[in-house]
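> I would like to see how this sequence folds:
(chains A and B)
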Amino acid sequence: MTQTVNVNLGGMVFSIDENAYQELDAYLNDIRAHLGSDSVQEIMQDIEARIAELFDQHKKYSHMDVVTLMMVEDVEKQLGSAEAIGGEETPSNSKEETPSNTPEGESEEDGVQEAEVIDSTPHDEQQTKQQGTCKKKLYRDVDNATIGGVCAGLSKWIGIDTVWVRLVMLVLLVFQGVGVLTYLLLWVIVPAANTAARRLEMRGIEPSVDAIKTEVESSPQKYAYGASGSDSGRGGCLVASGCLIMLALLIGFPLLIVAFTLLTAFGAVSGAMNAAFLGVPAMLLKGGLVSALSGLLFILVPIIILLVWLVRRKDSNHPLSKTFLIVMLILWLASLFGMAWGGRNAVKSAANVDWDNWAERVDSMANVLGKNMEFVIEKADSLGHVLDSVNAAKAMEKDYSEGVLEVTEEE
Amino acid sequence: MLDNIKSQMRKGMLEYCILEIIRRKESYATDILSHLREADLLVVEGTLYPILTRMKNAGLLSYRWQESTSGPPRKYFCITNEGQELLQSLEQEWQAITESVTKIKGL
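Numbering: from 1, shown residues only, chains lettered A, B, ... in the order given. Below is the predicted model of the structure:
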């Protein structure tokens, strides 16, 4: 007696023996790992549809309801090894190392042996010795992530322990709200290491066919069907990103508001000073407005990126475009530059002011203001008189109607 | 070594032949597979799928879905104008290659 599993292949449901399921699952994962990154999903769909067709035919001929290990092995023979489908021809020795034609029992034993060898020595060193190296690439290490894997990925890239990167991030977070923005930006821009090839590249290992095979075999749970990195990682990522957004709102938002207020105030003050002493056209040139606008841009850019990302990320086929991110990054950097330049110029022009002249102007302004105030007070006075007489007239009218006035007249 | 050269030669021809099969008649993967098998050009079936997707992405093929009475829905491929043009130039190339080979042999 064997247990069976129900699987959905190309929209058709098949009952499949447990051991056959494991074999098929491993085979499909192997193909997936061997295909290049573009249109993997589509090719896998086509291949699954073909497998479904073959199973369906077999079912009709043999009148057997359950897919057996033998059928899976036949299908594998017919479709070919993952390497052949991936089409990445490897240099000569690959066939000796990967016994694709040997019976299943043997190759399974091989897998176990390999895994044991890898476990006995540090993972990275063992693989670097076996495989060619390449330039390390920056990815988010989603397997060792606390939030989005930015710190873990950075530490792999730099080559130091993750703890130090996390400490620096925390320090940035405590001393400057900018830490939050940096983290969010990196999270959005840096891709996740969610495929075997990317995981290898992150560690600086050439993602050759053999390297990918070893990687997939060394941690099969990561590449298991259904519970694959992309699915469970996405779920985890969602929770984590929810937490981060809350955190960003709690810590980042007040900081942003304070920063924004300060920047706007600074821009407005320097702009007003320029306007007072150099005239309005000069203000446009001399930094006040530039620094105010730059400040606005500096805060808006990350918010825009975050919003766009939140809207777009559900659609995994269309992630944020590179052009968009580059334009946003340039805008952000320009805003930094603008703030520095505008602020410097505003301070400069303030320093160039003739302060005697300034005192005079303030005097004359105070004079004008004083005169205006006098005028206002005068007007208020006369308005008060008018109101008084109106009130008096009303009182008289009231008295008259009540007959009080008549009495006084008689006297 | 020998296997490698053989498979390289077959690989180059495979895309040309697939285009030719689809030009004659709109077909889905399994039709193409049976043609290739008849012509003894196929090593393993699985290699066809990445090639079809690649050619479709390159704009040489287009496809439509069709329900099937037996098995999952089928992707029927047909050739585009771009594919026709490429096929013509491939044909010329093939002519040139055979001419070159016969010349070399005749030396």
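> kindly list the longest helix within chain B.
When every helix of chain B is counted residue by residue (DSSP state H), the longest turns out to be helix B:81-106.
> elements contacting the helix or strand that contains residue A:391?
With elements delineated by DSSP states H and E, residue A:391 resides in helix A:355-402, which encompasses its position. In terms of contacts (3 or more C-beta pairs under 8 Å, 6 or more residues apart in numbering or on different chains; DSSP states H and E), helix A:355-402 is packed against helix A:404-410. Quick note: C-beta positions are derived from backbone N, CA and C, even for glycine.
> ok, residue A:5 - how many residues close by?
For residue A:5, the neighbour count with other C-beta atoms under 10 Å in any protein chain shown is 16.
> contact residues of chain B facing chain A?
Contact residues, chain B versus chain A (C-beta under 8 Å from any C-beta of the partner chain): B:4, B:7, B:29-30, B:43-47, B:49-50, B:52-54, B:57, B:70-75.
> okay, and which of those residues map to strands?
Among the residues of chain B next to chain A, the subset assigned to strands under DSSP state E consists of B:74, B:75.
> give me the buried entries from the residues of chain B next to chain A.
When the residues of chain B next to chain A are checked for burial by 16 or more other C-beta atoms under 10 Å in any protein chain shown, the buried set is B:29-30, B:45-47, B:49-50, B:52-54, B:71-72, B:74-75.
> where in chain B is the helix or strand with the lowest mean pLDDT?
Every helix and strand in chain B was compared by mean pLDDT, DSSP states H and E; the lowest is helix B:2-24, with a mean of 84.
> ok, the residue positioned nearest the centre of chain B - contacts?
Centre of chain B computed as the mean C-alpha position; nearest residue by C-alpha atoms, centre = their mean is residue B:18, 1.7 Å away. Contact analysis of residue B:18 by C-beta atoms under 8 Å, 6 or more residues apart in numbering or on different chains lists B:32, B:36, B:48, B:51, B:52, B:55.
> ok, how many other residues are close to the last one?
It refers to residue B:55. By the measure other C-beta under 10 Å, the count of residues near residue B:55 is 21.
> returning to what we had before: out of the contacts of residue B:18, who's nearest residue A:185?
Checking these against residue A:185 by C-beta to C-beta gives residue B:55 as the nearest, at 38.5 Å.
> that closest one is in contact with residue B:14, isn't it?
No: under the criterion of C-beta atoms under 8 Å, residue B:55 is not in contact with residue B:14, lying 10.8 Å apart.
> which parts of the stretch 201-350 of chain A sit against chain B?
Taking C-beta under 8 Å from any C-beta as the test, the list of the stretch 201-350 of chain A residues beside chain B is empty.
> where are the low-confidence patches of the stretch 201-350 of chain A?
For the stretch 201-350 of chain A, the stretches flagged by pLDDT under 70 are A:220-246, A:248-254, A:256-257, A:259-289, A:292, A:312-320, A:346-350.
> in chain B, what residue lies closest to chain A?
Among all residues of chain B, residue B:44 sits closest to chain A, at 2.4 Å; criterion: C-beta to the nearest C-beta.
> need the pLDDT of the nearest residue to that residue once chain neighbours are set aside.
Of all residues not flanking residue B:44 in the chain, residue A:80 sits nearest, at 2.4 Å (C-beta to C-beta, 6 or more residues apart in numbering or on different chains). Turning to residue A:80, the model gives it a pLDDT of 87.
> for residue 10, give me its contacts.
If you meant another chain, say so; for now it's chain A. The neighbours of residue A:10, taking C-beta under 8 Å, 6+ apart as the test, are A:45, A:48, A:49, A:50, A:51, A:52, A:53, B:71, B:72, B:73.
> not what I meant, chain B
Each residue near residue B:10 by C-beta under 8 Å, 6+ apart is listed here: B:41, B:43.
> how far away is it from residue B:98?
Relative to residue B:98, residue B:10 is positioned 16 Å away (C-beta to C-beta, to the nearest Å).
> just residue A:30 next, same as before
In terms of C-beta to C-beta, residue A:30 sits 38 Å off from residue B:98.
> these two: which is more packed in?
The residue with more neighbours, out of residue A:30 and residue B:98 and counting by other C-beta under 10 Å, is residue A:30; that gives 22 against 10.
> just the element for residue B:77, please.
Under the assignment here (DSSP H and E), residue B:77 is part of strand B:74-79.
> packing partners for that strand?
With contacts defined as 3+ C-beta pairs under 8 Å, 6+ apart, the packing partners of strand B:74-79 are helix A:40-62, helix B:2-24, strand B:27-28, helix B:29-38, strand B:61-66.
> now do the first one against helix B:29-38, angle only.
Which is helix A:40-62. Angle of helix A:40-62 versus helix B:29-38, following axes from the mean of the first three to the mean of the last three C-alpha atoms, to 10 degrees, is 70 degrees.
> please apply the same query to the last one.
What separates the directions of strand B:61-66 and helix B:29-38 is an angle of 120 degrees, with the same axes, to 10 degrees.
> quick check: pLDDT value at residue B:91.
At residue B:91 the predicted local confidence, pLDDT, stands at 92.
> check contacts around the closest residue to chain B within the stretch 1-150 of chain A.
The minimum distance from the stretch 1-150 of chain A to chain B, using C-beta to the nearest C-beta, falls at residue A:80 (2.4 Å). For residue A:80, the residues meeting the contact criterion (C-beta under 8 Å, 6+ apart) are B:43, B:44, B:45, B:46, B:47.
> low-confidence ranges in the stretch 1-150 of chain A?
Screening the stretch 1-150 of chain A residue by residue with the criterion pLDDT under 70, one finds the ranges A:37, A:87-132.
> tell me where it has helices.
In the stretch 1-150 of chain A, helices defined by DSSP state H, counting those that start in this stretch lie at A:18-34, A:40-62, A:69-79, A:82-86, A:94-97, A:104-120, A:123-130, A:150-158, listed in chain order.
> burial count for residue 8?
Answering for chain A, as no chain was given. 10.
> let me rephrase: I mean chain B.
Residue B:8 is surrounded by 10 other residues when neighbours are defined as other C-beta under 10 Å.
> any idea what the residue lying closest to residue B:55 once chain neighbours are set aside is bridged to?
Nearest in space to residue B:55, with sequence neighbours left out and distances taken as C-beta to C-beta, 6+ apart, is residue B:61 at 5.0 Å. When bridges are taken as DSSP bridges, the partners of residue B:61 come out as residue B:79.
> hang on, the earlier thing: turn the buried ones among the residues of chain B next to chain A into TSV, including pLDDT and distance to residue A:26.
Conversion of these to TSV gives the following (pLDDT from 0 to 100; distance: C-beta to C-beta, whole Å):
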residue	pLDDT	distance to residue A:26
B:29	91	23
B:30	90	25
B:45	87	19
B:46	88	15
B:47	86	20
B:49	90	19
B:50	89	20
B:52	91	24
B:53	90	23
B:54	88	25
B:71	80	24
B:72	86	22
B:74	91	27
B:75	91	26
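> tell me which two in those are the farthest apart.
Checking those against each other with C-beta to C-beta, the farthest-apart pair comes out as B:54 and B:71, at 24.0 Å.
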